[in-house]
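just the structure for this:
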Amino acid sequence: MDLSLSDEQRQLVEVFAAIYGRESTSERVRAAEPLGFDDKLWKALAETGAVDMAVDEAAGGGGASELDLALIAEQFGRAVASAPVVEAQVAARLLARCGDDGADLLGRVLAGERLVTFAPRAARGGALELVPAGAVADTVIALADGRLVVAPLGATRRPVQNLGSLPLADVEIDDDAAVLAEGEDASRLHSEALDLWLTLTAAALAGAAKKAVEIGVEYAKERHAFGTPIGTFQAVSHPLADSATAADGARLLALKAACAFVDEPARTSELAAMAFAFAYETARDATYRSLHIHGGYGFGMECDAQLYYRRVRGWAMVYGEPGVALDRVADARYGPVAG
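Numbers count the residues shown, from 1 in each chain. As a prediction, the model looks like this:
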């Protein structure tokens, strides 16, 4: 696997890093709370083609690869951005895969007329829990009772307050939902979309973990105790070094999962879930260590470390704890447990 970036990919990373640096400062992230949605940032991303690029050229999009999307997601994570980019990209690509049944809505998405999100959790009894961007999107694509459906969002959604300040909502799927696919086709399409969501979220978590380490390192250089920077103490430097190493590993695994869509399609589900589980644990530990190194200051709302500490937990729990993802890894490798 060659993870060296092409000139086009480097330019792509630079473009989105610049957008987030300009439109998703820590002050803007705070200002977007508690809803966790920055309309100005979302418009800037839409104008750049962040959603369009996730769709194949044959369907009217930019034809970006999964690796391209993962590289963008990494920058999204570094900025803990207040915009549902990952869910919108996954939903748009899923609509394109549905052919004529999703063509009309896809056209409106690409025209910027609709914000469509993707529910990684299947519905239970007609109810969707913790739908990412469910509080701000117009429509959600979900798996419900063996059918892949498109459901309008409005009166049926109940925004969920959360410490991660994410625009989550619980949603009731009613009779207005349109069916995109049924049976095995529905399960397959949703599973493929979930693989992409897990991969991109893993890349975002890896980016957030890396940035959290950098924040901790900078503070460890500035903060002095007994006349010396606290970063010289092993109790500070060693945990940061462990998290820095783990963050690099999480990034590599997320990019490997992204490459698997083309290079190892039979392992896509396994690697995507594995990358998600490892990236979540890495981001969880890295943000905790950065917060801990800041001491009492880290718990203050004016400290950037707490933004990462809260946000990465919210991103991951939209799908579930690492054990849920590891069950998916086991199912992909060994087959589902009988019964």
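
tell me how far the lengthiest helix in the chain is from the chain's mean position?
Looking across the chain with DSSP state H, the single longest helix is helix 183-222. The chain centroid and the centroid of helix 183-222 are separated by 5 Å under Cα atoms, centre = their mean, to the nearest Å.

quick one: average confidence on the one helix or strand residue 129 maps to?
Take DSSP states H and E as the rule and residue 129 turns out to sit in strand 127-131. Averaged across strand 127-131, pLDDT comes to 95.

which secondary structure elements does that strand sit against?
Applying 3 or more Cβ pairs under 8 Å, 6 or more residues apart in numbering; DSSP states H and E, one finds that strand 127-131 contacts strand 139-144, strand 169-172. C-beta coordinates here come from the backbone N, C-alpha and C atoms, glycine included.

mind checking the ones you listed for the one nearest to residue 180?
Residue 180 sits nearest to strand 139-144 of all the helices and strands packed on strand 127-131, at 7.2 Å, using Cβ to Cβ.

packing partners of the closest one?
By 3+ Cβ pairs under 8 Å, 6+ apart, strand 139-144 packs against helix 85-97, strand 116-118, strand 127-131, strand 147-152, helix 183-222.

mind putting the ones you listed into JSON lines with distance to residue 295 and mean neighbour count?
Formatted as JSON lines, those follow (distance: least, Cβ to Cβ, whole Å; neighbours: other Cβ atoms under 10 Å):
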{"stretch": "helix 85-97", "distance to residue 295": "33", "mean neighbour count": "26"}
{"stretch": "strand 116-118", "distance to residue 295": "38", "mean neighbour count": "26"}
{"stretch": "strand 127-131", "distance to residue 295": "32", "mean neighbour count": "20"}
{"stretch": "strand 147-152", "distance to residue 295": "46", "mean neighbour count": "22"}
{"stretch": "helix 183-222", "distance to residue 295": "9", "mean neighbour count": "23"}
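
and residue 219, how far is that from residue 213?
To residue 213, residue 219 is 11 Å away according to Cβ to Cβ, to the nearest Å.

how about residue 52?
Distance of residue 52 to residue 213, computed by Cβ to Cβ: 33 Å.

and for residue 47?
From residue 47 across to residue 213, the span is 32 Å (Cβ to Cβ).

over to residue 281?
14 Å.

and if you look at residue 252?
15 Å.

again, but for residue 230
Taken as Cβ to Cβ, the span from residue 230 to residue 213 is 15 Å.

next: residue 175.
49 Å.

now residue 41
With distances taken as Cβ to Cβ, residue 41 is found 24 Å from residue 213.

kindly report the same for residue 245.
Taking Cβ to Cβ, one finds residue 245 at 10 Å from residue 213.

same question for residue 234.
16 Å.

one more: residue 188?
The gap separating residue 188 from residue 213 is 38 Å, by Cβ to Cβ.

over to residue 181?
According to Cβ to Cβ, residue 181 and residue 213 sit 42 Å apart.
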